[in-house]
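*Asks:* Provided below are the primary sequence and the corresponding predicted coordinates.
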Protein chains: 2
Amino acid sequence: MDFKQVALSCGNGGKESLELIERVFKPYLQEFLVADGEDGGVFSGSGDFAMSTDSFVVDPLFFAGGDIGKLSVCGSANDVTMMGARPEYLSMGFMLEEGLQIATLERILESVRTQLRLGKLKLLSLDTKVLPKNSMDKIFINTTALGRVVCPALSAKNLKEGQSLILSAPIGSHGALLFSLRHEIGLHSALQSDCQQLFGLLEPVLLSGYSLYALRDATRGGLAALLHEWARASLVEIEIEERKIPILEEVRGVCEILGLEPYVLANEGVCVLCVDTPHAPPICDLLQANGGAPAIIGRVLGKTQKPCVYLKNAWGSRRYLEMPEGELLPRIC
Amino acid sequence: MDFKQVALSCGNGGKESLELIERVFKPYLQEFLVADGEDGGVFSGSGDFAMSTDSFVVDPLFFAGGDIGKLSVCGSANDVTMMGARPEYLSMGFMLEEGLQIATLERILESVRTQLRLGKLKLLSLDTKVLPKNSMDKIFINTTALGRVVCPALSAKNLKEGQSLILSAPIGSHGALLFSLRHEIGLHSALQSDCQQLFGLLEPVLLSGYSLYALRDATRGGLAALLHEWARASLVEIEIEERKIPILEEVRGVCEILGLEPYVLANEGVCVLCVDTPHAPPICDLLQANGGAPAIIGRVLGKTQKPCVYLKNAWGSRRYLEMPEGELLPRIC
């Protein structure tokens, strides 16, 4: 078979499917496969496990700081991390469009390999499907991550008055980059996606014994969606301070050109921690020492039946930070 | 929001995403959700767990005996069953095309609900993505299933001389039905997909203590691909007997019209068990008593460096049963 493009026959479950796996996937993924030639993988353990799934359909497939392969590993691994768990296993489902260049697939698999190594992740299950040309766009990847819980009972429902909110890094880089690529704004030269695995950064905090109540990455819908979901789940008011939220100059630039708020921009490697206020400074120190750029951005106000998020500006006046609404950028992740 | 069609804004991670989940998904799936409003779900346990992932892209979405929703639950649950495990948890990732009718989505979710109830399955994680019109075809679903191993060490590598092969039911119904629908053959009136969960059927066998070595469902690539994969993994020759393989008349009819072999047709609720020959009859009895229509179809011959599958006809002569090759029907599951 000519292995320059994915052929429709590569989805037949027979000879060509096997060849695609053996000749294209295995050179990159063999070292991570728990089960070779079985319908799934088996792992052993005891305790609490967290599992999370995500489908990745990002457009374009490659961007500064990442690609769909990196994103698909980081995204699900991060979702499990947000449950207070160490990501250990991944399953990956690849949907491939007939005609996809094998070289493109290999670049993506290379990137998957780098991330699997970095996160010390194993692959429990791998699936490939091939669809006829024009019934999908190039490649979609679904990943499900699984890991052991090391810091239990984190929940969006845990927010209480007086707790502090820590942001792990400047917001909006992934979203601003994708917006600028899709709108062909020439501003993106210095801009990189923040796409990265977060367990390494957070591990010292998760194991520190400091009081951590909730943890979430600010993906689709950005910081605004995250804080709204927390406010609703815990029935509280949240206040954050505009001047404390780190935003890169390049991100501000894209926002100004496109008339966007940085708070709704997607992130793929930025999270918020809800912590006991006295523990906030030492937690920031831990994050800082571990390569983060944390900032205490706000706090939880009282209980309410009308959950909301306030944004306080530099002059002390405040406005509602709205839940993202309408057609934001599709295929952001 | 007008909730007759999936809008692009339903993928924004904000207000409309939440509405789609709350108003369309939750009425069907709420009762199975382990984690509400979190990034993933947590479960507890100890021992061996099996996990398997699969993406479903079947076309058409609805067919006699099933639909993409039923298929997506059965398919992954079955893959975990084939590892000797009781399926307990599922994650589901929905990819939706802008403009998909909500009524269509609801029919699919209804079907998912029925299967989740039937299999006593919980949902650990749920993800939805919306893609712009024409960048995918209506709906794709990825499911990952997880379950506790109740019958350990099943493997495609376990085949040895003298073992017997049991088929759980007549082959080819799913594949023949999809072929006939896609080629618009009017033969399919009596034909139904075999799509079903297999754990219930197999549970008595898995717990019986009878020697079971390998177990696999004959999905894409059919019985032929399954037997070839086993022969290759175990480096053995396999012989099956044509007249012992149950094939429905309707399936034979479709095969004759389309010039297909029933052995390469996809199944979605049919499996093969590799067992100790003396245990084959009592295992068939267990399957029969539990609603199956089992048949002992062949046996494992000796070790070889050239693994192959023989098909013996009624007159005792034999030919190679080939590994499926070329463009079989795409989007079969």
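*Replies:* Done, it's in. Numbers count the residues shown, from 1 in each chain, chains lettered A, B, ... in the order given.
*Asks:* mind listing what the residue nearest to A:V34 when sequence neighbours are not counted touches?
*Replies:* With CB to CB, 6 or more residues apart in numbering or on different chains as the criterion, A:V34 has its nearest non-adjacent residue at 3.7 Å, and that residue is A:G41. Backbone N, C-alpha and C define where each C-beta goes, glycine included. With contact set as CB atoms under 8 Å, 6 or more residues apart in numbering or on different chains, A:G41 has these partners: A:33-35, A:89, A:91, A:122-125, B:50-52, B:83.
*Asks:* for A:G175, same thing?
*Replies:* For A:G175, the contact set (CB under 8 Å, 6+ apart) comprises A:G222, A:V264, A:L265, A:A266, A:N267, A:L329, A:I332.
*Asks:* circling back to that earlier point, mark which of the contacts of A:G41 are part of helices, please.
*Replies:* Judged by DSSP state H, those include no members of helices.
*Asks:* What is the lowest-pLDDT residue among those residues?
*Replies:* Among the contacts of A:G41, A:A35 has the lowest pLDDT, at 85.
*Asks:* For the closest residue to that one other than its chain neighbours, which residues count as its bridge partners?
*Replies:* In space, A:A35 comes closest to A:G41 once its chain neighbours are excluded; the distance is 3.9 Å by CB to CB, 6+ apart. Counting by DSSP bridges, A:G41 is bridged to B:M51.
*Asks:* Find me the pLDDT at A:G41, would you?
*Replies:* The score at A:G41 is 96. That number is its pLDDT.
*Asks:* now A:S193
*Replies:* Per-residue pLDDT puts A:S193 at 97.
*Asks:* Give me the neighbour count for it.
*Replies:* Other residues within reach of A:S193, judged by other CB atoms under 10 Å in any protein chain shown, total 26.
*Asks:* wait, doesn't A:G37 sit right on B:K157?
*Replies:* Yes - using CB atoms under 8 Å, A:G37 makes contact with B:K157 at a distance of 7.4 Å.
*Asks:* Spit out the residues that contact these two alike.
*Replies:* Common neighbours of A:G37 and B:K157, counting by CB under 8 Å, 6+ apart, are B:A233.
*Asks:* circling back to that earlier point, measure the residue nearest to A:V34 to A:M83 for me?
*Replies:* Here A:G41 is placed at a distance of 21 Å from A:M83 (CB to CB, to the nearest Å).
*Asks:* The stretch 51-200 of chain A: helices as residue ranges?
*Replies:* Here the stretch 51-200 of chain A has its helices, by DSSP state H, counting those that start in this stretch, at A:68-81, A:102-118, A:173-182, A:199-206.
*Asks:* What is the second one packed up against?
*Replies:* Helices and strands touching helix A:102-118, as assessed by 3 or more CB pairs under 8 Å, 6 or more residues apart in numbering or on different chains; DSSP states H and E, comprise helix A:26-29, strand A:66-67, helix A:68-81, strand A:85-97, strand A:139-149.
*Asks:* Show me which of these has the highest average neighbour count.
*Replies:* Ranked by mean neighbour count, those are led by helix A:68-81 with a mean of 29 (mean count of other CB atoms under 10 Å in any protein chain shown).
*Asks:* What score does the closest residue to A:L105 other than its chain neighbours have for pLDDT?
*Replies:* Distances taken as CB to CB, 6+ apart place A:V24 nearest to A:L105, at 6.2 Å, with adjacent residues excluded. At A:V24, the model reports a pLDDT of 97.
*Asks:* burial of A:V24, as a residue count?
*Replies:* Residues lying near A:V24 (other CB under 10 Å) number 19.
*Asks:* so who does it touch?
*Replies:* Counting by CB under 8 Å, 6+ apart, A:V24 makes contact with A:F3, A:I102, A:L105, A:E106, A:L109.
*Asks:* what's the nearest residue to the closest residue to chain B within the stretch 51-200 of chain A if we skip its chain neighbours?
*Replies:* Across the stretch 51-200 of chain A, the shortest distance to chain B (CB to the nearest CB) belongs to A:S52, at 2.9 Å. Leaving aside its sequence neighbours, A:S52 sits nearest to B:G40 (CB to CB, 6+ apart; 2.9 Å).
*Asks:* Let's verify the residue nearest to A:I240 when sequence neighbours are not counted: helix, strand, or coil?
*Replies:* Leaving aside its chain neighbours, A:I240 sits nearest to A:G298 (3.2 Å; criterion: CB to CB, 6+ apart). Put simply, A:G298 is strand when judged by DSSP: H, G, I helix; E, B strand; the rest coil.
*Asks:* got a list of what A:G298 touches?
*Replies:* For A:G298, the contacting residues are A:S164, A:L165, A:I238, A:E239, A:I240, A:E241, A:K244, A:K312, by CB under 8 Å, 6+ apart.
*Asks:* List only buried entries from these.
*Replies:* Among those, those classed as buried by 16 or more other CB atoms under 10 Å in any protein chain shown are A:S164, A:L165, A:I238, A:E239, A:I240, A:E241, A:K312.
*Asks:* Would you tell me which one of the residues you listed comes nearest to B:G147?
*Replies:* A:L165 (37.9 Å; CB to CB).
*Asks:* Test my guess that A:V300 contacts A:A233.
*Replies:* No - at 12.0 Å, A:V300 and A:A233 do not qualify as touching, with contact defined as CB under 8 Å.
*Asks:* Can you say which helix or strand has A:G292 in it?
*Replies:* A:G292 is located outside every helix and strand, with elements delineated by DSSP states H and E.
*Asks:* tell me the phi and psi of it?
*Replies:* A:G292 has phi and psi values of phi -80, psi 170 when expressed as degrees, to the nearest 10.
*Asks:* ok, it to chain B distance?
*Replies:* 19 Å (CB to the nearest CB, to the nearest Å).
*Asks:* got it, and A:E38?
*Replies:* According to CB to the nearest CB, A:E38 and chain B sit 6 Å apart.
*Asks:* From the structure, what's the count of residues near that residue?
*Replies:* Applying other CB under 10 Å, we find 23 other residues in the vicinity of A:E38.
*Asks:* quick one, what contacts it?
*Replies:* B:M82, B:M83, B:S155, B:A156.
*Asks:* Also A:E16?
*Replies:* Counting by CB under 8 Å, 6+ apart, A:E16 touches A:M1, A:A7, A:S9, A:C10, B:E325, B:G326.
*Asks:* So the last one versus B:I185, what's the distance?
*Replies:* If I follow you right, that is B:G326. 20 Å.
*Asks:* Between the two, tell me which one has more neighbours.
*Replies:* B:I185 (15 against 12).
*Asks:* Surely that one touches B:I257?
*Replies:* Yes - here B:I185 lies in contact with B:I257, judged by CB under 8 Å, at a distance of 5.9 Å.
*Asks:* Can you name the residues of the stretch 201-333 of chain A that neighbour chain B?
*Replies:* Proximity of the stretch 201-333 of chain A to chain B (CB under 8 Å from any CB of the partner chain) is limited to residues A:216-217, A:219-222, A:224-225, A:228-229, A:232-233, A:264, A:266, A:323-328, A:330-331.
*Asks:* isn't the residue of the stretch 51-200 of chain A closest to chain B right up against B:L123?
*Replies:* No - A:S52 is beyond contact range of B:L123, at 11.5 Å (criterion: CB under 8 Å).
*Asks:* any shared contact partners between those two?
*Replies:* B:G41, B:S91.
*Asks:* Comparing those two, which residue is more hemmed in?
*Replies:* It is A:S52, of A:S52 and B:L123, that has more neighbours when counted by other CB under 10 Å, with 31 against 22.
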